[in-house]
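**Student:** Sequence and predicted structure below; questions after.
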Amino acid sequence: MSDDDNDERHTLLRTLDRGLRVLETVAAGDGSATAKVLSRQLDIKIGTCYHLLRTLVVGGYVVRLSGGRYDVGPKAASLSRHLQRRSGPSPELAVVLARLHARTQETSYLAGWYHGSLVLQHYLTGAHTLHVAALDVGYSAHTHARASCRAVLAHLPPEQVAVMYEGLQLAPLTPHTITDFEQLTVELAAVRRQGYAIEREEFTPGVACVSAAFFKEDGAPAGAFAVAVPVSRFDERRDQLVVGVREAASMATSLLRTGRLGVPARFPSVRSDSHAS
(Lines give C-alpha, C1' and ligand atoms only; values in the text may rest on other atoms or scores of the structure.)
Protein backbone atom coordinates (compact mmCIF):
# COMPACT_ATOMS: atom_id res chain seq x y z
CA MET A 1 0.00 0.00 0.00
CA SER A 2 1.40 3.41 -0.93
CA ASP A 3 1.88 6.37 1.43
CA ASP A 4 -0.96 8.14 -0.40
CA ASP A 5 -3.27 5.21 0.33
CA ASN A 6 -2.32 5.33 4.01
CA ASP A 7 -2.91 9.08 4.12
CA GLU A 8 -6.37 8.64 2.57
CA ARG A 9 -7.29 5.98 5.13
CA HIS A 10 -6.14 8.19 8.01
CA THR A 11 -8.23 11.13 6.81
CA LEU A 12 -11.48 9.12 6.50
CA LEU A 13 -14.20 10.28 8.88
CA ARG A 14 -15.47 7.14 10.57
CA THR A 15 -18.75 8.72 11.60
CA LEU A 16 -19.49 9.81 8.04
CA ASP A 17 -18.51 6.40 6.71
CA ARG A 18 -20.82 4.68 9.20
CA GLY A 19 -23.65 7.08 8.42
CA LEU A 20 -23.39 6.39 4.71
CA ARG A 21 -23.37 2.64 5.33
CA VAL A 22 -26.47 3.00 7.49
CA LEU A 23 -28.18 5.00 4.74
CA GLU A 24 -27.31 2.40 2.10
CA THR A 25 -28.57 -0.45 4.27
CA VAL A 26 -31.80 1.40 5.08
CA ALA A 27 -32.37 1.92 1.36
CA ALA A 28 -31.79 -1.76 0.64
CA GLY A 29 -34.24 -2.72 3.39
CA ASP A 30 -37.27 -1.21 1.62
CA GLY A 31 -38.78 0.07 4.86
CA SER A 32 -37.98 -2.98 7.00
CA ALA A 33 -34.74 -1.81 8.65
CA THR A 34 -34.68 -1.28 12.41
CA ALA A 35 -31.90 0.02 14.62
CA LYS A 36 -31.27 -3.45 16.04
CA VAL A 37 -31.07 -5.04 12.59
CA LEU A 38 -28.76 -2.29 11.32
CA SER A 39 -26.55 -2.62 14.39
CA ARG A 40 -26.18 -6.36 13.83
CA GLN A 41 -25.69 -6.17 10.05
CA LEU A 42 -23.14 -3.35 10.14
CA ASP A 43 -21.43 -4.31 13.42
CA ILE A 44 -22.16 -0.88 14.90
CA LYS A 45 -23.03 -0.38 18.57
CA ILE A 46 -26.75 0.06 19.07
CA GLY A 47 -26.33 3.48 20.72
CA THR A 48 -24.19 4.72 17.84
CA CYS A 49 -26.72 3.32 15.38
CA TYR A 50 -29.58 5.26 17.02
CA HIS A 51 -27.49 8.44 16.96
CA LEU A 52 -26.71 8.04 13.26
CA LEU A 53 -30.36 7.34 12.46
CA ARG A 54 -31.53 10.43 14.36
CA THR A 55 -29.00 12.54 12.46
CA LEU A 56 -30.19 11.15 9.12
CA VAL A 57 -33.83 11.70 10.09
CA VAL A 58 -33.20 15.35 11.00
CA GLY A 59 -31.39 15.85 7.69
CA GLY A 60 -34.30 14.35 5.75
CA TYR A 61 -32.26 11.45 4.37
CA VAL A 62 -34.18 8.87 6.42
CA VAL A 63 -37.74 8.77 7.77
CA ARG A 64 -38.93 6.87 10.85
CA LEU A 65 -41.92 4.61 10.31
CA SER A 66 -44.23 2.90 12.77
CA GLY A 67 -42.79 0.01 14.72
CA GLY A 68 -39.33 1.52 14.84
CA ARG A 69 -38.66 0.87 11.17
CA TYR A 70 -36.77 3.24 8.87
CA ASP A 71 -36.86 4.04 5.17
CA VAL A 72 -35.16 6.52 2.83
CA GLY A 73 -36.38 10.11 3.07
CA PRO A 74 -36.98 12.89 0.54
CA LYS A 75 -33.37 14.13 0.55
CA ALA A 76 -32.10 10.66 -0.40
CA ALA A 77 -34.75 10.44 -3.11
CA SER A 78 -33.61 13.82 -4.43
CA LEU A 79 -30.01 12.58 -4.69
CA SER A 80 -31.25 9.55 -6.60
CA ARG A 81 -33.18 11.72 -9.04
CA HIS A 82 -30.09 13.88 -9.66
CA LEU A 83 -27.99 10.79 -10.36
CA GLN A 84 -30.54 9.28 -12.72
CA ARG A 85 -30.93 12.55 -14.61
CA ARG A 86 -27.18 12.97 -15.10
CA SER A 87 -26.11 9.36 -15.61
CA GLY A 88 -29.28 7.88 -17.09
CA PRO A 89 -29.71 6.81 -20.70
CA SER A 90 -31.01 8.94 -23.54
CA PRO A 91 -34.72 8.51 -24.39
CA GLU A 92 -33.72 6.66 -27.57
CA LEU A 93 -31.64 4.10 -25.66
CA ALA A 94 -34.49 3.72 -23.18
CA VAL A 95 -36.72 2.83 -26.15
CA VAL A 96 -34.25 0.12 -27.20
CA LEU A 97 -34.28 -1.26 -23.65
CA ALA A 98 -38.09 -1.28 -23.68
CA ARG A 99 -38.05 -3.23 -26.95
CA LEU A 100 -35.65 -5.79 -25.47
CA HIS A 101 -37.85 -6.11 -22.41
CA ALA A 102 -41.01 -6.55 -24.49
CA ARG A 103 -39.30 -9.14 -26.66
CA THR A 104 -37.90 -11.27 -23.84
CA GLN A 105 -40.38 -10.59 -21.02
CA GLU A 106 -37.38 -10.91 -18.72
CA THR A 107 -35.60 -8.44 -16.45
CA SER A 108 -33.58 -6.23 -18.80
CA TYR A 109 -30.70 -3.88 -18.02
CA LEU A 110 -28.84 -1.02 -19.68
CA ALA A 111 -25.32 -0.11 -18.54
CA GLY A 112 -23.17 2.79 -19.70
CA TRP A 113 -20.20 4.97 -18.76
CA TYR A 114 -20.47 7.66 -16.08
CA HIS A 115 -17.34 9.53 -14.93
CA GLY A 116 -15.12 6.67 -16.03
CA SER A 117 -17.15 3.91 -14.38
CA LEU A 118 -19.52 1.45 -16.01
CA VAL A 119 -22.81 1.93 -14.15
CA LEU A 120 -26.28 0.45 -14.32
CA GLN A 121 -28.33 3.22 -15.92
CA HIS A 122 -31.80 1.72 -16.17
CA TYR A 123 -33.66 -1.57 -15.86
CA LEU A 124 -37.11 -3.02 -16.40
CA THR A 125 -38.32 -5.95 -14.32
CA GLY A 126 -39.56 -9.07 -16.05
CA ALA A 127 -42.94 -10.73 -16.04
CA HIS A 128 -41.50 -13.42 -13.75
CA THR A 129 -40.30 -12.76 -10.22
CA LEU A 130 -36.53 -12.32 -10.13
CA HIS A 131 -34.43 -10.72 -7.44
CA VAL A 132 -30.84 -9.71 -8.09
CA ALA A 133 -29.51 -8.50 -4.75
CA ALA A 134 -27.98 -4.99 -4.62
CA LEU A 135 -28.28 -4.41 -8.38
CA ASP A 136 -29.92 -1.01 -8.81
CA VAL A 137 -29.52 2.19 -10.82
CA GLY A 138 -26.07 3.63 -10.21
CA TYR A 139 -24.48 0.29 -9.30
CA SER A 140 -20.90 0.04 -10.55
CA ALA A 141 -19.17 -2.58 -8.42
CA HIS A 142 -17.96 -6.12 -9.15
CA THR A 143 -17.37 -5.64 -12.86
CA HIS A 144 -15.55 -8.98 -13.05
CA ALA A 145 -18.71 -10.88 -12.16
CA ARG A 146 -21.32 -9.13 -14.32
CA ALA A 147 -22.08 -10.04 -17.94
CA SER A 148 -22.86 -6.44 -18.91
CA CYS A 149 -19.42 -5.33 -17.72
CA ARG A 150 -17.62 -8.20 -19.42
CA ALA A 151 -19.38 -7.39 -22.68
CA VAL A 152 -17.80 -3.92 -22.53
CA LEU A 153 -14.42 -4.89 -21.05
CA ALA A 154 -13.90 -7.40 -23.84
CA HIS A 155 -13.68 -4.54 -26.34
CA LEU A 156 -11.29 -2.34 -24.38
CA PRO A 157 -7.52 -2.47 -24.99
CA PRO A 158 -6.09 -5.32 -22.86
CA GLU A 159 -3.60 -2.95 -21.23
CA GLN A 160 -6.45 -0.71 -20.11
CA VAL A 161 -8.25 -3.66 -18.53
CA ALA A 162 -5.02 -4.72 -16.83
CA VAL A 163 -4.64 -1.27 -15.27
CA MET A 164 -8.26 -1.33 -14.08
CA TYR A 165 -7.65 -4.53 -12.09
CA GLU A 166 -4.02 -4.02 -11.07
CA GLY A 167 -3.62 -4.74 -7.38
CA LEU A 168 -7.30 -5.54 -6.91
CA GLN A 169 -8.77 -8.73 -5.49
CA LEU A 170 -11.62 -10.21 -7.54
CA ALA A 171 -14.25 -10.81 -4.87
CA PRO A 172 -15.82 -14.31 -4.76
CA LEU A 173 -19.48 -13.30 -4.70
CA THR A 174 -20.58 -16.90 -5.20
CA PRO A 175 -18.75 -20.24 -5.53
CA HIS A 176 -18.90 -19.74 -9.33
CA THR A 177 -17.31 -16.28 -9.49
CA ILE A 178 -14.09 -15.93 -11.44
CA THR A 179 -11.47 -14.67 -8.99
CA ASP A 180 -8.32 -15.08 -11.12
CA PHE A 181 -7.43 -12.23 -13.47
CA GLU A 182 -5.80 -14.53 -16.03
CA GLN A 183 -8.98 -16.60 -16.22
CA LEU A 184 -10.98 -13.41 -16.60
CA THR A 185 -8.86 -12.36 -19.59
CA VAL A 186 -9.55 -15.74 -21.22
CA GLU A 187 -13.28 -15.16 -20.74
CA LEU A 188 -13.03 -11.65 -22.19
CA ALA A 189 -11.29 -13.03 -25.27
CA ALA A 190 -14.17 -15.49 -25.75
CA VAL A 191 -16.70 -12.67 -25.38
CA ARG A 192 -14.85 -10.62 -27.98
CA ARG A 193 -14.87 -13.50 -30.47
CA GLN A 194 -18.54 -14.43 -30.14
CA GLY A 195 -20.01 -10.95 -29.62
CA TYR A 196 -21.83 -11.50 -26.32
CA ALA A 197 -21.14 -12.40 -22.68
CA ILE A 198 -22.77 -14.96 -20.43
CA GLU A 199 -22.41 -15.48 -16.71
CA ARG A 200 -24.09 -18.19 -14.64
CA GLU A 201 -24.55 -17.65 -10.92
CA GLU A 202 -21.35 -15.60 -10.62
CA PHE A 203 -23.02 -12.44 -9.35
CA THR A 204 -26.15 -13.87 -7.72
CA PRO A 205 -26.93 -17.53 -6.92
CA GLY A 206 -29.68 -18.94 -9.12
CA VAL A 207 -29.43 -16.19 -11.76
CA ALA A 208 -27.86 -16.27 -15.23
CA CYS A 209 -27.28 -13.26 -17.46
CA VAL A 210 -26.51 -12.62 -21.14
CA SER A 211 -25.25 -9.29 -22.50
CA ALA A 212 -23.98 -7.57 -25.65
CA ALA A 213 -22.09 -4.29 -26.01
CA PHE A 214 -22.94 -1.35 -28.25
CA PHE A 215 -20.41 1.07 -29.72
CA LYS A 216 -19.77 4.74 -30.42
CA GLU A 217 -18.87 6.12 -33.82
CA ASP A 218 -15.15 5.71 -33.12
CA GLY A 219 -15.63 2.01 -32.32
CA ALA A 220 -15.18 2.32 -28.57
CA PRO A 221 -17.71 0.41 -26.42
CA ALA A 222 -20.35 2.80 -25.05
CA GLY A 223 -22.33 0.38 -22.90
CA ALA A 224 -24.25 -2.87 -22.94
CA PHE A 225 -27.71 -4.38 -22.82
CA ALA A 226 -28.32 -7.41 -20.62
CA VAL A 227 -31.08 -9.81 -19.67
CA ALA A 228 -31.18 -11.82 -16.43
CA VAL A 229 -33.17 -15.02 -15.88
CA PRO A 230 -33.30 -17.83 -13.33
CA VAL A 231 -30.83 -20.56 -14.25
CA SER A 232 -33.71 -23.05 -14.24
CA ARG A 233 -34.98 -21.71 -17.56
CA PHE A 234 -31.81 -20.19 -18.98
CA ASP A 235 -30.73 -23.10 -21.20
CA GLU A 236 -34.09 -23.35 -22.96
CA ARG A 237 -34.13 -19.59 -23.64
CA ARG A 238 -30.43 -19.00 -24.18
CA ASP A 239 -30.51 -18.58 -27.98
CA GLN A 240 -33.53 -16.25 -27.86
CA LEU A 241 -31.89 -14.08 -25.22
CA VAL A 242 -28.61 -13.90 -27.14
CA VAL A 243 -30.47 -12.76 -30.26
CA GLY A 244 -32.42 -10.22 -28.20
CA VAL A 245 -29.41 -8.51 -26.59
CA ARG A 246 -27.43 -8.54 -29.84
CA GLU A 247 -30.32 -6.90 -31.70
CA ALA A 248 -30.63 -4.24 -28.97
CA ALA A 249 -26.89 -3.59 -29.09
CA SER A 250 -26.96 -3.29 -32.89
CA MET A 251 -29.85 -0.80 -32.70
CA ALA A 252 -28.00 1.30 -30.13
CA THR A 253 -24.78 1.23 -32.17
CA SER A 254 -26.66 2.38 -35.26
CA LEU A 255 -28.29 5.15 -33.25
CA LEU A 256 -24.97 6.44 -31.94
CA ARG A 257 -23.38 6.33 -35.39
CA THR A 258 -26.22 7.64 -37.54
CA GLY A 259 -28.58 9.38 -35.11
CA ARG A 260 -31.46 7.15 -36.18
CA LEU A 261 -33.13 4.09 -34.72
CA GLY A 262 -33.76 1.08 -36.91
CA VAL A 263 -34.35 -2.63 -36.52
CA PRO A 264 -31.36 -4.61 -37.88
CA ALA A 265 -31.48 -7.78 -39.89
CA ARG A 266 -32.23 -10.77 -37.68
CA PHE A 267 -29.23 -12.24 -35.92
CA PRO A 268 -28.68 -15.98 -36.26
CA SER A 269 -28.48 -17.98 -33.05
CA VAL A 270 -24.83 -18.68 -32.30
CA ARG A 271 -23.71 -21.33 -29.88
CA SER A 272 -20.19 -21.62 -28.53
CA ASP A 273 -18.72 -24.02 -26.02
CA SER A 274 -16.19 -21.35 -25.06
CA HIS A 275 -18.70 -18.70 -23.94
CA ALA A 276 -18.09 -16.72 -20.78
CA SER A 277 -19.82 -18.42 -17.91
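**Tutor:** Happy to help now that I have it.

**Student:** list the buried ones in stretch 32-52?
**Tutor:** 33-35, 37-39, 44, 48-49, 51-52 (16 or more other Cβ atoms under 10 Å). Yep, even glycine has a C-beta here, placed from its N, CA and C like the rest.

**Student:** again with stretch 188-204
**Tutor:** Buried-residue list, stretch 188-204, by 16+ other Cβ under 10 Å: 188, 190-192, 194-204.

**Student:** What of stretch 227-243?
**Tutor:** For stretch 227-243, burial by neighbour count (16+ other Cβ under 10 Å) applies to 227-229, 234, 237-238, 241-243.

**Student:** list the contacts for residue 61?
**Tutor:** Neighbouring residues of residue 61 by Cβ atoms under 8 Å, 6 or more residues apart in numbering: 23, 72-73, 75-76.

**Student:** and the most far-flung residue of the chain relative to its centre, what are its phi and psi?
**Tutor:** Seen from the C-alpha centroid of the chain, the residue lying at the greatest distance (Cα atoms, centre = their mean) is residue 47, 33.6 Å away. The phi/psi pair for residue 47 (degrees, to the nearest 10) reads phi -60, psi -40.

**Student:** for residue 199, same thing?
**Tutor:** Dihedral pair for residue 199: phi -130, psi 140, per degrees, to the nearest 10.

**Student:** tell me the contacts of the nearest residue to it once chain neighbours are set aside?
**Tutor:** Ranked by Cβ to Cβ, 6 or more residues apart in numbering and with sequence neighbours excluded, the top spatial neighbour of residue 199 is residue 147, at 4.5 Å. Shown in contact with residue 147 (Cβ under 8 Å, 6+ apart): 197-199, 209-211, 224, 226, 276.

**Student:** And the residues you listed, which is closest to residue 217?
**Tutor:** Nearest to residue 217 out of the contacts of residue 147 is residue 224 (Cβ to Cβ; 17.1 Å).

**Student:** Let's verify the closest one: helix, strand, or coil?
**Tutor:** With DSSP: H, G, I helix; E, B strand; the rest coil as the basis, residue 224 sits in strand.

**Student:** average pLDDT for the longest helix seen in the chain?
**Tutor:** In the chain, assigned by DSSP state H, the helix with the most residues is helix 234-258. For helix 234-258, mean pLDDT is 94.

**Student:** Same check on stretch 20-36?
**Tutor:** Averaged across stretch 20-36, pLDDT comes to 88.

**Student:** How about stretch 117-134?
**Tutor:** 76.

**Student:** Also stretch 214-230?
**Tutor:** Averaged over stretch 214-230, pLDDT sits at 95.

**Student:** Right, I'll call it a day here.
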